[in-house]
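*Asks:* Sequence and predicted structure, then a few things I'm wondering about:
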Amino acid sequence: MSSRLSAAAGAAIRRLRHGRGWTLAELSHRSGVPLSSLSKVELGQTSLPYDVLMRLCRALDVEIDHLTRPEPLAA
């Protein structure tokens, strides 16, 4: 995944996690993704491998396009 898409996915993951009231530790537990990796993903500091993306989608109960589609431009 490109760095731009990884950064967008990381921001979407953070928004979804906050919306559910989950900590990084909670998402880590639910997804099986190490906490240190999640933090880097959310901050856009690392690329997001497909298998990790799918684990996060399952934990957050969202389709993959929910994390990878670009955000609409603000008016």
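*Replies:* Arrived safely.

*Asks:* Could you give the separation between the terminal residues of stretch 41-57?
*Replies:* In stretch 41-57, first residue to last residue: 13 Å (Cα to Cα, to the nearest Å).

*Asks:* ok, and what's touching that stretch?
*Replies:* By Cβ atoms under 8 Å, 6 or more residues apart in numbering, the residues outside stretch 41-57 that reach it are 1, 3, 5-7, 9-11, 13-14, 17, 24, 27, 31-33, 37, 40, 63-64, 66-68. Every residue, glycine included, has its C-beta placed from N, CA and C.

*Asks:* Swap in 7 Å and give it another go.
*Replies:* Stretch 41-57 is contacted from outside by 1, 3, 6-7, 9-10, 13-14, 31-33, 40, 63-64, 67, using Cβ atoms under 7 Å, 6 or more residues apart in numbering.

*Asks:* for that stretch, which positions count as buried?
*Replies:* 41-42, 44, 46, 48, 52-53, 56-57 (16 or more other Cβ atoms under 10 Å).
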